[in-house]
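In: got a sequence here, can you build the structure:
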Amino acid sequence: MRLTGEQPGFSLIELLVAVFVIVLLTGVVSLNVGRGGAELELESEVRHLSGLLAFSSAEAGLSAADHGLFIGKDSDVDSSGYEGIWLRRFDQGWAAPRASAEVFEPLRLSTGYELRLDLTGQPEVALLPYEPDLNPSPQIVAWAGGEMTPGSLEWLDSRTGELLYRLEWDLLGRMTLMPRGRVDAED
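Out: Down below sits the predicted model:
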């Protein structure tokens, strides 16, 4: 055993470097996890909307009444989000459906995204706030005969304009989920 004035261990600089590396790695991991959580939330929202559109198509066929979805800017003044309002065609025009009220509650779509609705063969759709007094028609209609207004809905990053998700459907209401605009191999 040697006796010297030094004790084995780490210097203050070595400890500071180790702590700095740990903090840096923790920051990188938390940023990636945060982004992953937002992507999972967006995917869940798109899948939920896809399921609701399919349900409204089935409901239209069973009830022999057209159903539809009006998508517009959130009517709250402070919000930058979007909302979806479910409607059913009655003799007097479009109104909230009476049956399956809990399923057809208004949708609050995630904020931080820009939505773009494209309906096949129609001019560009402006997403305006829902004004019930104006009795607006839905943009996406599921007819009682089993058809649906063909089109797509895109979620874009509001800061970069990057396409994050695309939901596409055809005349028969078949849904295609496309992360980043590409067909998902799982579907």
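
In: just the buried residues of the top strand by length along the chain, please?
Out: Secondary structure of the chain per DSSP state E: the longest strand is strand 82-90. For strand 82-90, the neighbour count (16 or more other Cβ atoms under 10 Å) marks Tyr82, Glu83, Gly84, Ile85, Trp86, Leu87, Arg88, Arg89 as buried. To be clear about C-beta, it is placed using only N, CA and C from the backbone, and glycine gets the same treatment.

In: who's in contact with the last one?
Out: Translated: Arg89. The neighbours of Arg89, taking Cβ atoms under 8 Å, 6 or more residues apart in numbering as the test, are Ala65, Asp66, His67, Gly68.

In: neighbouring contacts of the helix or strand containing the last one?
Out: Right, Gly68. Assessed by DSSP states H and E, Gly68 sits inside strand 67-73. Strand 67-73 is touched from outside by 52-53, 56-57, 59-60, 81-89, 94, 97, 115, 117, 127-130, 136-142, 153, with contacts defined as Cβ under 8 Å, 6+ apart.

In: compute the inter-axis angle for that strand and strand 82-90.
Out: For strand 67-73 against strand 82-90, the angle by axes from the mean of the first three to the mean of the last three Cα atoms, to 10 degrees is 150 degrees.

In: direction included, what does strand 67-73 pair up with?
Out: Partners of strand 67-73 in the sheet, by DSSP bridges, are strand 82-90 (antiparallel), strand 140-142 (antiparallel).

In: would you turn the ones you listed into JSON lines with mean pLDDT and distance to Val46?
Out: Formatted as JSON lines, these follow (pLDDT from 0 to 100; distance: least, Cβ to Cβ, whole Å):
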{"stretch": "strand 82-90", "mean pLDDT": "90", "distance to Val46": "12"}
{"stretch": "strand 140-142", "mean pLDDT": "93", "distance to Val46": "14"}
